[in-house]
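Colleague: Please find the sequence and the predicted model below.
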Amino acid sequence: MRIAALAALLAASAQDTPANPIDRYFDRHWAERQIAPAPRADDYEFLRRASLDVLGRLPKPDEIRAFEKSPDRDRKIDELLGHADAAEFFADTWMRILLNYHFEETAPLKMNFPAFRGYLKEAYAKDLPYRDFATQLLSDYGDNQKKPASNFILVALDPMEPPHEIAARTTRIFLGVQLQCARCHDHPFEKYTQEDFWGIAAFFNGMKPKARTTFDGFGVKLMAEPKGVMMIPDSKTEVRPTFLDGRKPEADEVPLKALARYVVEDKQFPRAIVNRLWSHFMGRGFVEPVDKFTDRSRPTHPALLDTLCAELAANGTRLKPLMRTILSSKAYQAGCASSKDDDAAAHAHMILKPQTPVQLLNLLNWTLNLDVFLQQYYQQYLKAFGDDNFFAKSYGNPEVFRMYLHIFTQGLLAPSGTAPEASKYTGSVRLALKLMNSNDLQGLVKADFGRLGDILKREKTPEGRLVEIFYTLVSRPPTAPERERYLEYVQKKKGDKKAYEDVYWVLLNSTELFFNH
Amino acid sequence: MTNCAHCSLGRRDFIKIAFSGAAAASLPAWAATKPEKAKAVILLWMQGGPSQIDTFDPKPGTATGGPFKAIETNVAGTFISEHLPRVAQVADKFSIVRTLHSKDPNHDTARYLLHTGYRTDPTLEHPHLGSLIAAELGTTAEGLPGCITIGKDSTVGSGYLPPEQAPLLVEKIENPLEDLKLPAGVTRFRLEDRQNLLAAQNAAFAANHADGRVDAQQKAYERALALMRSPHLKAFDLSGEPAETRALYGSGAFGKACLMARRLVEAGVRFVEVSLADWDTHADNFTRSKGLMEQLDPGMAGLLADLDRRKMLGETLVVWMGEFGRTPHVNGGKGRDHFTRNFCAALAGGGLAGGRVIGRTNALGTEPAERPVSVQDLFATIYRQLGVDPQKKYMTPVGRPIKILDGGEPVKELCS
């Protein structure tokens, strides 16, 4: 068997070597293990998958129809990567990562939210090299409007505490190294000591927000007053700013600048971002959890991880070329059907991905016009409380309004303190109850109103209406059994338009809707 | 630094594990005796951080005391704010801890700490105290979860426990079943049609996607439906209560929520959290605190009196607390800011002693003067009364065993 597989492999490689390094890797990997990759996802599934992963939203019916006419996947990938919605989505996604997966209601008081989100959008839009992105986030300070990246440090600093939170976030987010346990004691299983942790924290020692006197959190200054040494709390040990490899900044250097340099030069730096992107698109990181590399980590595909790191470097650490490579690979475009015995880590089929909170928010906005509904809510709020207060003013800002939308969705998924990470996805009873019963939301699923109302006005035949509802919610036409089932149902209701509300309701609550497949 | 809030392990534990194979508990003998008296908990959660000086640790006539007077309670020598007159009349039912302290002045992370006994950890979610208690004691109310929060979202979930232990949030006290009832225009029959179509729709997807998360998604819907069909939903309906009882709790939303909490505990729910929000009084502290106490006073006093006369107080532990206290110093906007050095909790029932004051703060309330009590001590006390072993370990999804509580000793003065 082995020999036969090798022969097949040699024959395959003699024929042609795929240009995509991921295809090169997996062709060999699958052949060696005699794994048959799943058939390619059909065009509907591909379009929905890529739209969710790049734009953070479902494809719209007209986008589906355009793709039906010319299903050129490579062209579509370029179009998606260059789309304005992609910048919105990656800004939101980075925001969750950089703010610890949780939007606090008080966050607009602590930071310049509009400037920060604007910065993240621009970074995506111009494909700012990731190296520069990390450098700016880790070393910008001063006016948080003019230096919007400084909001990352600003929001993680607490005037009452030593800078431990920002230290933990820095190594976890940019290096995939988790030091927080070493905050209080030497790490039990890893090489890191308490001094390593506080050595990182010491880089931030002396950073502080300039006192705010008003409730206007937008204009805060992050001050850099390097203090050099600091004491490990509750101890008599002094630490100097010291990177994990022992390097220390020059005496005349702002410590942050040195830290940013050490971070982007570290060998973990590319590995952490490649792993994060791989997990984002492929549903499983080479290393899991996605931001936790340890000495004992065994990446699922170490050679491929190295290859992609090299590709990242070759592209000057710009992320879009790497995204394009992943999106155009056979593994990414494989079908999603799976059985219990499959080894998901082989990536021979696409791994199911639960919708992220950002995707879910966009989905509710699209299927229910939720943003319109909440804007009305906001207008009522203004009427009731006047517009001369901080929250009213901040609601008026679209970026901040966006954050309140996030809090709203987070609340629907809650109670759940932090990120509903894919691996421990549990569903949400609260969201289920809202989507099934909430009068507010059900009021948005009406035969004579909103998204559904538009469909029924435009499409006159049961067949046409059914297809349009399917395109709107699950981005594909109904299968034969589905068509039969729903047409029969609509017929049974004798032209009562409420029957379409039921169909819309069913798809809105369907398991398929909650996953990216 | 032997205890790490992020890990289940402290340095001393590593050594113990290395040499003896397991961390041994070393609590004093009295603490090890298990009372197992309490069967349920009602948490009165003061969202935003209430001022201790303006509630249960008054400092009248001092530079930090503010304008409120102190009144003597029905326990001679114990004084609380003049704006809690009815609570003062049931002071023999509860004890006050005046020296609770932490190091976390941020709302979100402090709320997490006071709901889990742990600090936030990006790699591990700890369960809500009520989820843990429900998991340990089991639930008895068919269709209802073991932990219900009324009012504001605590944003703490089931953590490393299974999702069915997640707290159920009831947002609107006036309309608690909002999302449990069928929406306007949807009859039972129409719901049945919808459910049948949904089942067929989901079956096809599940057949092609063998993934535990697909099952989890469907289970969440099953739990939602079980809730909608629970025979205990009438526990949410206050209309059956005699007018006299309703009057006992006052007409405010908080009082109604307290009454609902009692009914839910009667139905078999293990843990009910009732929140009273808006204690974050950075500006205009006194007017706002007074207004909040007008809601708190009848709700809390009514609850304690009602539980007592129904002989439920022995089995029901009532805890009053917020995420921290507020500064003794009054700022320029007549507000008080976040303060963690000493703040108050009040505990009643569940076999605990009433009428006591634990801990003392200095004359201006700026420092604990006697008997500081940690958040872990408070949690250890609660767990002890319920017969929950805080040393018990759960295996977390990341493969790390974690103790129910790390450190802390029950407050002896409350337990005897």
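Modeller: Now that the structure is in, tell me what you want to look at.

Colleague: give me the low-pLDDT residue ranges for the stretch 101-250 of chain A?
Modeller: Counting by pLDDT under 70, the stretch 101-250 of chain A shows low-confidence ranges at A:102-109, A:181, A:184-190, A:211-219, A:226.

Colleague: chain center to the helix or strand containing B:Gly302, what's the gap?
Modeller: Element membership for B:Gly302 (DSSP states H and E) is helix B:285-309. Relative to its chain's centre, helix B:285-309 lies at 16 Å (C-alpha atoms, centre = their mean, to the nearest Å).

Colleague: The next helix-or-strand element following it to helix B:285-309, inter-axis angle?
Modeller: Using DSSP H and E, the helix or strand that directly follows helix B:285-309 along the chain is strand B:316-322. Using axes from the mean of the first three to the mean of the last three C-alpha atoms, to 10 degrees, the inter-axis angle of strand B:316-322 relative to helix B:285-309 is 170 degrees.

Colleague: does chain A sit close to strand B:316-322?
Modeller: No. Strand B:316-322 is not in contact with chain A by C-beta under 8 Å from any C-beta of the partner chain; minimum separation 15.5 Å. Every residue, glycine included, has its C-beta placed from N, CA and C.

Colleague: What residues does residue 89 make contact with?
Modeller: You didn't pick a chain, so chain A it is. A:54-57, A:358, A:362 (C-beta atoms under 8 Å, 6 or more residues apart in numbering or on different chains).

Colleague: let's do chain B instead
Modeller: B:73-74, B:301.

Colleague: go with 6 Å
Modeller: B:Asn74 (C-beta atoms under 6 Å, 6 or more residues apart in numbering or on different chains).

Colleague: What count of nearby residues applies to residue 285?
Modeller: Since no chain was named, I'll use chain A. Around A:Gly285 there are 26 other residues, counting by other C-beta atoms under 10 Å in any protein chain shown.

Colleague: please go with chain B instead
Modeller: Neighbours around B:Asn285, by other C-beta under 10 Å: 24.

Colleague: And the one 10 residues further on, by the same measure?
Modeller: The burial count assigned to B:Gln295 is 19, neighbours taken as other C-beta under 10 Å.

Colleague: Was I right to think it contacts B:Gly252?
Modeller: Yes. Applying C-beta atoms under 6 Å, one finds B:Gln295 in contact with B:Gly252, separated by 4.3 Å.

Colleague: The helix or strand where A:Asp78 lies packs against which elements?
Modeller: Assigned by DSSP H and E, A:Asp78 falls within helix A:73-81. In terms of contacts (3 or more C-beta pairs under 6 Å, 6 or more residues apart in numbering or on different chains; DSSP states H and E), helix A:73-81 is packed against helix A:319-327.

Colleague: if we look at the helix it packs on, which residues are touching it?
Modeller: A:77, A:81, A:127, A:130, A:281, A:312, A:315, A:332.

Colleague: among those residues, which are in helices?
Modeller: A:77, A:81, A:130, A:281, A:312 (DSSP state H).

Colleague: of these, closest to chain B?
Modeller: Chain B lies nearest to A:Phe281 out of the ones in helices among the contacts of helix A:319-327, by C-beta to the nearest C-beta, at 17.3 Å.

Colleague: pLDDT weak spots in the stretch 1-150 of chain B?
Modeller: In the predicted model of the stretch 1-150 of chain B, residues B:1-36, B:122 satisfy pLDDT under 70.

Colleague: change it to 80
Modeller: Where the stretch 1-150 of chain B drops to pLDDT under 80, the residues are B:1-36, B:121-123.

Colleague: Spell out for me which residue occupies the centre of the chain.
Modeller: Reading this off chain A. A:Thr93 (3.7 Å; C-alpha atoms, centre = their mean).

Colleague: actually chain B
Modeller: B:Leu43 (3.6 Å).

Colleague: now it, which residues is it bridged with?
Modeller: B:Glu273, B:Val319 (DSSP bridges).

Colleague: Isn't it up against B:Glu273?
Modeller: Yes. At 4.4 Å, B:Leu43 and B:Glu273 qualify as touching, with contact defined as C-beta under 6 Å.

Colleague: and the contacts of A:Phe89 as a markdown table, adding neighbour count and secondary structure?
Modeller: Below are these laid out as a markdown table (neighbours: other C-beta atoms under 10 Å in any protein chain shown; DSSP: H, G, I helix; E, B strand; the rest coil):
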| residue | neighbour count | secondary structure |
| --- | --- | --- |
| A:Val54 | 24 | helix |
| A:Leu55 | 23 | helix |
| A:Gly56 | 23 | coil |
| A:Arg57 | 20 | coil |
| A:Val358 | 21 | helix |
| A:Asn362 | 25 | helix |
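
Colleague: Out of these, flag the one nearest to chain B.
Modeller: Distance to chain B, by C-beta to the nearest C-beta, is smallest for A:Val358 among the contacts of A:Phe89, at 17.8 Å.

Colleague: Skip the chain neighbours and tell me the closest residue to the closest one.
Modeller: The shortest distance from A:Val358 to any non-neighbouring residue, by C-beta to C-beta, 6 or more residues apart in numbering or on different chains, is to A:Asp92 (4.4 Å).

Colleague: now B:Glu367
Modeller: The shortest distance from B:Glu367 to any non-neighbouring residue, by C-beta to C-beta, 6+ apart, is to B:Arg341 (6.2 Å).

Colleague: Which pLDDT value does the model give the one you found?
Modeller: For B:Arg341, the model assigns a pLDDT of 96.

Colleague: what about it, how many neighbours?
Modeller: 20.

Colleague: Ok, the one 5 residues further on next?
Modeller: Counted with other C-beta under 10 Å, the burial measure for B:Ala346 works out to 23 neighbours.

Colleague: and it, what is it in contact with?
Modeller: B:Ala346 neighbours (C-beta under 6 Å, 6+ apart): B:94, B:96, B:320.

Colleague: and these as TSV, adding distance to A:Val503?
Modeller: Below are those laid out as TSV (distance: C-beta to C-beta, whole Å):
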residue	distance to A:Val503
B:Phe94	55
B:Ile96	58
B:Trp320	49
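
Colleague: with those residues in mind, which one is nearest to chain A?
Modeller: Closest to chain A, out of all of the contacts of B:Ala346 and judged by C-beta to the nearest C-beta, is B:Trp320, at 20.9 Å.

Colleague: Just the pLDDT for the closest residue to chain A within chain B.
Modeller: Across chain B, no residue is closer to chain A than B:Ala220, which sits at 2.9 Å (C-beta to the nearest C-beta). With respect to pLDDT, B:Ala220 has a value of 90.

Colleague: Ok, A:Leu413 next?
Modeller: Note for A:Leu413: predicted pLDDT of 69.

Colleague: what do you get for the one 4 residues further on?
Modeller: The score at A:Gly417 is 39. That number is its pLDDT.

Colleague: Check the secondary structure at the residue nearest to B:Glu367 for me.
Modeller: coil (DSSP: H, G, I helix; E, B strand; the rest coil).

Colleague: Between the contacts of B:Ala346, which sits nearest B:Asp377?
Modeller: Ranked by distance to B:Asp377 (C-beta to C-beta), these are led by B:Ile96 at 14.6 Å.

Colleague: hang on, the closest one packs against B:Gly355?
Modeller: No. B:Ile96 is beyond contact range of B:Gly355, at 9.4 Å (criterion: C-beta under 6 Å).

Colleague: what about these two, which has more around it?
Modeller: Remark: of B:Ile96 and B:Gly355, B:Ile96 carries more neighbours, 24 against 17, as counted by other C-beta under 10 Å.
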